[in-house]
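J.: how would this look folded up:
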Amino acid sequence: MTPDEIAALFTRADGQYLCARWGRPIVPVVFGVEESTLSVLKGAVEAVVTLAGHKMAETDTELGANLMVFFLRDWAELPEVPNLDRLIPDLAPLCDRLAKAGANQYRVFRFDEAGAIKAAFVFVRMDDDLAGVSAETLALSQAVQTILLWSDTAFVGVSPLALAAGQVILRPEIAGVIRAAYDPVLPPVARDTSHALRLAARMAALH
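T.: Residues are numbered from 1 along each chain as shown. Okay, the predicted model is just below:
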């Protein structure tokens, strides 16, 4: 990938460049799925975390779990989840906006003092479009989209996943970006597009 193509993955719709990775081990918890799907989701998270060279843990000292994934049928269900409004301010108005927009997924990130990711909340509304997607594809997609703070336009129209020999895989160039972004020589958060040049250099070195 060219530096410009990499920069586009982290340049938001308002023109701001922002790339952040997790600054602590990831502790996932999943709500609203059957036991069989739970293992698929956690397996996808573990695979992407391993790819990044990052770590998982059994518990987070501050939050208990720091990657919370909620599956639901209707946005109206979320405000009924006990204490969730403490974690997500203005939860009810947010759900109203998501319902009006017909959204089927939404992610909220929390950051530490350095700007690295310390928590992520993922909400997936299983509409007709997502109901036809396999658990493996859905799990890998969400894991990829929470391992880094991507631009809000990064995967609009272009999935981070691809098909290879009938199997859903992470696109090699996106895998390369994730590996490079977690290289210890790079900062956990970057707000300048020169960071994309450094990512491209790391991708070339790691290839």
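J.: in which helix or strand would I find the residue nearest to residue 134 when sequence neighbours are not counted?
T.: Of all residues not flanking residue 134 in the chain, residue 168 sits nearest, at 7.2 Å (C-beta to C-beta, 6 or more residues apart in numbering). All C-beta spots, glycine's among them, are computed from the backbone N, C-alpha and C. Using DSSP states H and E, residue 168 falls within strand 167-170.
J.: and this protein, what are its domains?
T.: As given by automatic domain parsing, the domain ranges for the chain are 1-21+149-207, 23-147.
J.: can you put the ones you listed in TSV and add mean neighbour count and mean pLDDT?
T.: As requested, those are exported to TSV (neighbours: other C-beta atoms under 10 Å; pLDDT from 0 to 100):
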stretch	mean neighbour count	mean pLDDT
domain 1-21+149-207	16	94
domain 23-147	16	93
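J.: what's the spacing between the residue nearest to residue 134 and residue 41?
T.: Separation of residue 168 from residue 41 (C-beta to C-beta, to the nearest Å): 14 Å.
J.: tabulate the CA atom coordinates of the helix or strand that comes right after the strand holding residue 168 in CSV.
T.: Going down the chain from strand 167-170, the next helix or strand is helix 172-181, by DSSP H and E. Output of helix 172-181 as CSV, limited to C-alpha atoms (Å, rounded to 0.1, in the frame of the first residue of the first chain):
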residue,chain,number,x,y,z
PRO,A,172,-3.3,-9.1,3.5
GLU,A,173,-2.7,-5.3,3.2
ILE,A,174,-4.9,-4.6,6.1
ALA,A,175,-3.2,-7.3,8.1
GLY,A,176,0.1,-5.6,7.3
VAL,A,177,-1.2,-2.2,8.5
ILE,A,178,-2.3,-3.8,11.8
ARG,A,179,1.1,-5.5,12.3
ALA,A,180,3.0,-2.3,11.5
ALA,A,181,0.8,-0.1,13.8
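J.: part of a strand, is residue 42?
T.: No - under the criterion used here (DSSP: H, G, I helix; E, B strand; the rest coil), residue 42 is helix, not part of a strand.
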